[in-house]
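Chemist: need coordinates for the following:
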Amino acid sequence: MQVTLHQDKCVASGQCVLAARDVFDQRDLDGVAVLLDERPPAELHDDVRQAAAVCPALAIALADA
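Modeler: I've put the predicted structure just below:
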């Protein structure tokens, strides 16, 4: 799985961090999401899919690697 985070779309809701904290974090300054792992291991794929699904700004794109 390839994960892309479009920070310019992010509204800093933090839903991605709640769903997949090993893959996403937030900047302290403004709360915008940060991608920690653009190719997460298979055991995190369900969490990453959930993060993409709950993102209110649709800022997370997923592709099969």
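
Chemist: how about Cys16, phi and psi?
Modeler: phi -70, psi -40 (degrees, to the nearest 10).

Chemist: quick one: the longest helix seen in the chain to chain centroid distance?
Modeler: The longest helix of the chain (DSSP state H) is helix 45-54. Averaging C-alpha positions (CA atoms, centre = their mean, to the nearest Å) puts helix 45-54 8 Å from its chain's average.

Chemist: may I see the buried residues of that helix?
Modeler: Buried positions in helix 45-54, judged by neighbour count with 16 or more other CB atoms under 10 Å: 47-49, 51-52. From N, CA and C alone the C-beta is placed, and that goes for glycine too.

Chemist: could you do stretch 25-36 as well?
Modeler: Here stretch 25-36 shows 26, 33, 35 as buried, counting by 16+ other CB under 10 Å.

Chemist: what is the neighbour count of Ala65?
Modeler: 8 (other CB atoms under 10 Å).

Chemist: show me the shaky parts of this structure.
Modeler: Along the chain, segments meeting pLDDT under 70 are nowhere present.

Chemist: distance of the residue of it positioned farthest from its centre relative to Ala12?
Modeler: Here the centre of the chain is the reference, and by CA atoms, centre = their mean the most remote residue is Leu29, at 17.7 Å. From Leu29 across to Ala12, the span is 10 Å (CB to CB, to the nearest Å).

Chemist: can you give me the strands for this structure?
Modeler: Listed in chain order, the strands found in the chain under DSSP state E are 2-5, 24-26, 33-35, 60-63.

Chemist: extract the C-alpha trace of stretch 1-14 and format it as PDB.
Modeler: In PDB, the C-alpha atoms belonging to stretch 1-14 read as follows (Å, rounded to 0.1, in the frame of the first residue of the first chain):
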ATOM      1  CA  MET A   1       0.000   0.000   0.000                       C
ATOM      2  CA  GLN A   2       1.200   3.500  -0.900                       C
ATOM      3  CA  VAL A   3      -0.200   6.300   1.200                       C
ATOM      4  CA  THR A   4      -0.200  10.000   0.100                       C
ATOM      5  CA  LEU A   5      -1.200  12.800   2.400                       C
ATOM      6  CA  HIS A   6      -2.200  16.100   0.800                       C
ATOM      7  CA  GLN A   7      -1.300  18.500   3.600                       C
ATOM      8  CA  ASP A   8      -2.800  21.400   1.600                       C
ATOM      9  CA  LYS A   9      -6.300  19.800   2.000                       C
ATOM     10  CA  CYS A  10      -5.900  18.800   5.700                       C
ATOM     11  CA  VAL A  11      -8.200  20.600   8.100                       C
ATOM     12  CA  ALA A  12      -6.400  19.300  11.200                       C
ATOM     13  CA  SER A  13      -9.200  17.300  12.600                       C
ATOM     14  CA  GLY A  14      -6.900  14.600  13.900                       C
END
